[in-house]
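>>> I would like to see how this sequence folds:
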Amino acid sequence: MREAERMLGEGKTIPEAAKELGISEQTYHRWRNQYGGMKGDDVKRLKELERENATLKRIVADKELEVVALKEIAKGTGRPARRRRAVAMLRDRLGVSERWACRVVGQHRSTQRHEPKTRVPQLRRVSGHAGA
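All right, here's what the predicted structure looks like:
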């Protein structure tokens with residue numbers, strides 16, 4: 001903007017100044033409307049605040065997603081098998097990562113991938129029977 005204002009002060013037209021700066025006239029007008037009365041430090045501060053605001057919005061969105069996830073799984077996920085199902089449900093329904101879902105549920109990722117052994121009924125010895 002400073003450079004464009006200097007060129008305009010030297011008597012160049014807006015289209016000439018925009019062409020020399022390598023921008024369109026629309027870009028010049030948009031910049032003038034957005035940054036017209038600002039100094040360089042003000043523009044830097046505005047950009048910094050915009051970046052910070054985007055970061056904060058991302059954090060709030062993550063927290064909101066966590067609240068939705070916790071409401072989905074509600075209570076009763078005490079046993080590992082239930083927590084595994086809860087993590088799978090969060091991944092499927094909300095499209096979140098396994099890492100994030102495990103953190104929310106309180107499940108370690110290694111137990112998420114653990115396949116529990118199925119119990120095989122034990123054979124009982126019948127007393128007095130010789131067996132085959």
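>>> For Ala17, grab the count of nearby residues.
20 (other C-beta atoms under 10 Å). Placement of C-beta: from N, CA and C, glycine included.
>>> Name the SS class of it, please.
When classified by DSSP: H, G, I helix; E, B strand; the rest coil, Ala17 comes out as helix.
>>> mind checking pLDDT for the residue nearest to it when sequence neighbours are not counted?
Leaving aside its sequence neighbours, Ala17 sits nearest to Met7 (C-beta to C-beta, 6 or more residues apart in numbering; 4.0 Å). Looking at Met7, its pLDDT reads 83.
>>> How about Glu115?
pLDDT recorded at Glu115 is 68.
>>> Same check on Leu70?
Leu70 is assigned 72 on the pLDDT scale.
>>> That one reaches Ala101, doesn't it?
No: Leu70 is beyond contact range of Ala101, at 11.0 Å (criterion: C-beta atoms under 8 Å).
>>> Tally up the residues packed near the residue nearest to Ala17, please.
Met7: 17 neighbours (other C-beta under 10 Å).
>>> Contacts for the helix or strand hosting it, please.
For Met7, the host element (DSSP states H and E) is helix 2-9. The contact list for helix 2-9, computed with C-beta atoms under 8 Å, 6 or more residues apart in numbering, reads Ile14, Glu16, Ala17, Ala18, Glu20, Leu21, Tyr28, Trp31, Arg32, Gly40.
>>> hang on, the earlier thing: so for Leu70 and Ala101, which sits in the more crowded spot?
Between Leu70 and Ala101, counting by other C-beta under 10 Å, Ala101 is the more crowded of the two (23 against 13).
>>> Quick check: which element contains the more buried one?
Residue-wise, Ala101 maps onto helix 98-105 under DSSP H and E.
>>> Buried residues, the helix or strand His29 falls within. List them.
Taking DSSP H and E as the definition, His29 sits inside helix 25-35. Within helix 25-35, the residues scored as buried using 16 or more other C-beta atoms under 10 Å are Tyr28.
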